[in-house]
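>>> Mind looking at a prediction? Sequence and model below.
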Amino acid sequence: MSVEGHACWSAGTACAQTSITGLTLDTAGALAASRDLGATGWAAAELLLALRIGMAEAATTHRDGETS
């Protein structure tokens with residue numbers, strides 16, 4: 001994993017919060033944290049967006065009762 005990938009993964013998982021509607025991602029906080037960990041620019045934003053989309057897809061799958 002690249003340094004930027006690791007920074008975004010660490011920041012994204014640290015800034016994910018559970019709520020009544022499922023998982024949410026503090027995107028601004030995750031961007032700031034990933035920047036502090038060495039990720040920069042569009043790469044960080046795109047990786048965090050991918051993480052957020054993955055969280056939304058997993059929540060939808062879980063809510064709909066799918067197992068695969």
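Nice, thanks for sending it over.

>>> any low-confidence regions in the protein?
Where the chain drops to pLDDT under 70, the residues are 1, 20-22, 66-68.

>>> where do the helices sit along it?
Assigned by DSSP state H, the chain shows helices spanning 3-15, 27-36, 41-64.

>>> who does the shortest one touch, helix- and strand-wise?
In this structure, helix 27-36 packs against helix 3-15, helix 41-64, with contacts taken as 3 or more CB pairs under 8 Å, 6 or more residues apart in numbering; DSSP states H and E. Placement of C-beta: from N, CA and C, glycine included.

>>> Nearest to Ala33 among the ones you listed would be which one?
Of all the helices and strands packed on helix 27-36, it is helix 3-15 that lies closest to Ala33, at 3.6 Å by CB to CB.

>>> Show me what that closest one is packed up against.
Short answer (3+ CB pairs under 8 Å, 6+ apart): helix 3-15 packs on helix 27-36, helix 41-64.

>>> Out of those helices, which one sits most buried?
helix 27-36 (a mean of 17; mean count of other CB atoms under 10 Å).

>>> could you check the angle helix 3-15 makes with it?
Per axes from the mean of the first three to the mean of the last three CA atoms, to 10 degrees, the angle that helix 27-36 makes with helix 3-15 is 140 degrees.

>>> what's the angle from helix 27-36 to helix 41-64?
Using the same axes, to 10 degrees: helix 27-36 against helix 41-64 is 130 degrees.

>>> Extract the CA atoms of helix 27-36 and return them as PDB.
Coordinates of each C-alpha in helix 27-36 appear next as PDB, following Å, rounded to 0.1, in the frame of the first residue of the first chain:
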ATOM      1  CA  THR A  27     -14.900  14.000   5.300                       C
ATOM      2  CA  ALA A  28     -13.300  17.300   6.300                       C
ATOM      3  CA  GLY A  29     -11.700  15.700   9.400                       C
ATOM      4  CA  ALA A  30     -10.500  12.700   7.300                       C
ATOM      5  CA  LEU A  31      -9.000  15.000   4.700                       C
ATOM      6  CA  ALA A  32      -7.200  17.000   7.400                       C
ATOM      7  CA  ALA A  33      -6.000  13.800   9.200                       C
ATOM      8  CA  SER A  34      -4.800  12.200   5.900                       C
ATOM      9  CA  ARG A  35      -2.900  15.400   5.100                       C
ATOM     10  CA  ASP A  36      -1.200  15.200   8.500                       C
END
